[in-house]
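Colleague: Sequence first, then the predicted structure:
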Amino acid sequence: MKLTGSQVLLRTLRRENVDVIFGYPGGVVLPIYDELYKEEFRHLLVRHEQGAIHAADGYARASGKVGVCLVTSGPGATNTVTGIANAYMDSIPVVIFTGQVPTGLIGSDAFQEVDITGITRPCTKHNFLVRRIEDLASTIHEAFHIARSGRPGPVLVDLPRDVSQATIEEEDIRDDFNTLNGLEKPQQEDIAKAVEMIRAARKPVIVSGGGVLLGKASEELREFVRRTGFPITSTLMGLGAYPGSDPLWLGMPGMHGTYYANMAITGCDLLVAVGMRFDDRVTSKVDAFAPDAQIIHIDIDPVSIDRIVRSHLSIVSDAKTALGLLNAALAAGGPVPVERTREWMEQIDAWKKRVPLRFSEETDRIKPQQVIRKLYELTKGEALIATEVGQNQMWAAQYYTYDHPHTFISSGGLGTMGFGFPAAVGAQVACPDKTVVDIAGDGSIQMNIQELATAVQYNIPVKIVILNNQYLGMVRQWQQMFYGRRYSHTDMSYAPDFVKIAEAYGATGLRASRPEELEAVLKKGLETPGVVVMDIRVEKEECVYPMVRPGASIADMELGVELPADKAAPTNGGEDPQTRSFN
Ligand SMILES: Cc1ncc(C[n+]2csc(CCOP(=O)(O)OP(=O)(O)O)c2C)c(N)n1
């Protein structure tokens, strides 16, 4: 039997266990859409291609599977570029199918032609232009393989119209492709060396990253912490891999990290970095990052080893394998001596007590941090939280406690405003039984607000909590701190009525303006079926603290409050990081 290219595409997607496509049609993908019309395939029509790629990305982050999006050529394809770069920076496995003009017209500036493989080369893990139907199935399989293997990432497949219309005999379809050899296993001597370093440490700290979640290694990480008793902090991308309610948890480090996570990194003598790449939002001034530490860096991507921070021992491996081997070696050698780290743990406790995460509650204005805390209480920590970018994102990272993997979805590397809501839609499709909340800023939500139509049309009951401060808050914060309060073009007080916007799209809109209204509105919003937009009017000029000035040492934090007199005596002979400057 003969199959068309479009039929081959859908057949291959089924073989890859794809159950949902986020897409938007157009001229050159009409043959594919016509095939979708005939077949039972779950396709969600978004309202903007950026929505499609972010939804596919959110779906991948929540499900651990590959997300798929399908768009037309030209503007359809270019509209996905931000989302592709976003997935690339955060190592998220997505496959993007773009339509292309017929092969004979490629390079002629044909209608709606762009060189999308050229445009996306720097922000895809790999991309393909399929010129012959004979290569179609194997190319698609290869794309999925590349997207999910090793360090995951986005892969684009460009499909010229004539390729989706061409036909091929079913028996001539080739599904095979060459795979590169898998990763080498970590060397046994490196594991032994790591265990030796772990046993010798007096002031250890673990920093885990998104690689632990991508490598589905949360169980192994938890066991590693149990076996070592080491305190643990995690980057924004890694939140949820280790339970945030555990006493050994230090919160997030870096620019808006907790005081105690940043102090622990600065004072430690051993830093075990797992599945993280030392992003500058984490390290800030690299020379002052863990200056006295021996560093063990475990990462799947050899390129990230020694790129920013030099390690004393590197293990190129996925997190699951490496932590599994470390756990086994630790188990075989008996418990790690806790006496060695006793003073260090006391020091960490003192730091925790000295500067906990805190904000001042007021009676006449809603504090954004209070909204997140309330949301945590009302959802009992069981919601899946997506965020936009800005202050809302940082407060969501700081004030909601993540106990489970894949429950925090946020644009880490690229910091893409407009990501959160469509990503929440994708996450809700992946997890229909979960409460999915997008924590938004009033600026960010307006970047992809059109996806309310998608959410309402398919009854994807995402709850949106807008921390409405009438500013581009995070930029305003920088203007306040570094530009003498000159709030140049960050005033967002001209805004639509979000309640009416919600209603216009067929969703529910609610508003809270005063502290005493907050709980009831959040409760009602969470309980109301379907899509709900909650416009929460918060304190306009609140800042996110702690804050490390760009380029400063992470021990040098603005805390937003007077630092209490230091009662905790230094425990080490060297420079006590507590005596370094604070603002
Ligand atoms: C697409 C995009 N444009 C610009 C920025 C720069 N930026 C970072 S945070 C921010 C302000 C976000 O404001 P809002 O969404 O209202 O959130 P808030 O910080 O007030 O919580 C801006 C403009 C960005 N990150 N992404």
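Modeller: Structure's in. What do you need? Just so you know, these numbers come straight off a predicted model, no measurement behind them.
Colleague: Tell me which stretches of the stretch 351-500 of the chain form strands.
Modeller: 384-387, 408-409, 436-441, 463-468 (DSSP state E, counting those that start in this stretch).
Colleague: how about those, which one is nearest Val157?
Modeller: Of all those, it is strand 408-409 that lies closest to Val157, at 24.6 Å by CB to CB. Yep, even glycine has a C-beta here, placed from its N, CA and C like the rest.
Colleague: So what are the sheet partners of the closest one and their directions?
Modeller: Here strand 408-409 is paired, per DSSP bridges, with strand 384-387 (parallel).
Colleague: what's the burial count for Arg485?
Modeller: Counted by other CB atoms under 10 Å, the residues lying close to Arg485 total 10.
Colleague: correct me, but it touches Gln479?
Modeller: Yes. Contact criterion CB atoms under 8 Å: Arg485 and Gln479 qualify, at 6.7 Å.
Colleague: Over stretch 531-545, what's the mean pLDDT, rounded is fine.
Modeller: The predicted model gives stretch 531-545 an average pLDDT of 97.
Colleague: measure that stretch end to end?
Modeller: End-to-end distance for stretch 531-545, by CA to CA, to the nearest Å: 32 Å.
Colleague: before we move on, what about stretch 128-136?
Modeller: Taking CA to CA, stretch 128-136 runs 10 Å from one end to the other.
Colleague: Check the offset of the helix or strand where Ile296 lies from the chain's centre.
Modeller: Taking DSSP states H and E as the criterion, Ile296 maps to strand 294-299. On the basis of CA atoms, centre = their mean, to the nearest Å, strand 294-299 sits 22 Å off its chain's mean C-alpha point.
Colleague: Just the residues contacting the helix or strand encompassing Ala261, thanks.
Modeller: Secondary-structure element containing Ala261, defined by DSSP H and E: helix 259-267. Under the contact criterion CB atoms under 8 Å, 6 or more residues apart in numbering, helix 259-267 has outside partners 203, 205, 207, 231, 233, 250-254, 271, 288-293, 347-348, 351-352, 354-355, 546, 548, 553-555, 557, 559, 572, 576-578, 580.
Colleague: Buried members of those into PyMOL, please.
Modeller: Selection of buried members from the contacts of helix 259-267 for PyMOL, criterion 16 or more other CB atoms under 10 Å:
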select buried, resi 203+205+207+231+233+250+251+252+253+254+271+288+289+290+291+293+347+348+351+352+354+355+546+548+553+554+555+557+576+577+578
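Colleague: Show only the entries of the contacts of helix 259-267 found in strands.
Modeller: Counting by DSSP state E, the members of those that fall within strands are Val205, Val207, Thr233, Leu271, Val548, Met557.
Colleague: farthest pair in those?
Modeller: Distance extremes for the ones in strands among the contacts of helix 259-267: the farthest pair is Leu271 and Met557 at 18.5 Å, using CB to CB.
Colleague: Next, give phi and psi for the residue of the stretch 101-250 of the chain found nearest the ligand.
Modeller: Closest residue of the stretch 101-250 of the chain to the ligand, CB to the nearest ligand atom: Leu236 (13.7 Å). Main-chain dihedrals, Leu236, degrees, to the nearest 10: phi -50, psi -40.
Colleague: Count the neighbours of it for me.
Modeller: Leu236, neighbours per other CB under 10 Å, totals 28.
Colleague: Phi and psi next, for the closest residue to it other than its chain neighbours.
Modeller: Spatial nearest neighbour of Leu236, excluding adjacent residues (CB to CB, 6 or more residues apart in numbering): Gly412 at 4.9 Å. The phi/psi pair for Gly412 (degrees, to the nearest 10) reads phi -90, psi -70.
Colleague: thought Gly412 was touching Ser234?
Modeller: No. Contact between Gly412 and Ser234 fails when scored by CB under 8 Å: they sit 11.5 Å apart.
Colleague: neighbour count winner among these two?
Modeller: Taking neighbours as other CB under 10 Å, Gly412 and Ser234 compare with Ser234 leading, 32 against 24.
Colleague: of the strands of the stretch 351-500 of the chain, which approaches the ligand most closely?
Modeller: strand 436-441 (2.0 Å).
Colleague: which stretches of the stretch 101-250 of the chain have low pLDDT?
Modeller: 180-182 (pLDDT under 70).
Colleague: where along it do the strands fall?
Modeller: Secondary structure of the stretch 101-250 of the chain (DSSP E, counting those that start in this stretch): strands at 126-129, 154-160, 167-169, 204-208, 232-234.
Colleague: would you list these in CSV and tack on distance to Ala397?
Modeller: Formatted as CSV, those follow (distance: least, CB to CB, whole Å):
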stretch, distance to Ala397
strand 126-129, 31
strand 154-160, 24
strand 167-169, 49
strand 204-208, 14
strand 232-234, 10
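Colleague: Using PDB, write down the CA coordinates of the strand holding Ile296.
Modeller: The C-alpha trace of strand 294-299 is given here as PDB (Å, rounded to 0.1, in the frame of the first residue of the first chain):
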ATOM      1  CA  GLN A 294      37.200  20.900  46.300                       C
ATOM      2  CA  ILE A 295      34.600  20.500  43.500                       C
ATOM      3  CA  ILE A 296      33.200  17.300  42.100                       C
ATOM      4  CA  HIS A 297      31.200  18.000  39.000                       C
ATOM      5  CA  ILE A 298      28.900  15.300  37.600                       C
ATOM      6  CA  ASP A 299      27.300  16.200  34.300                       C
END
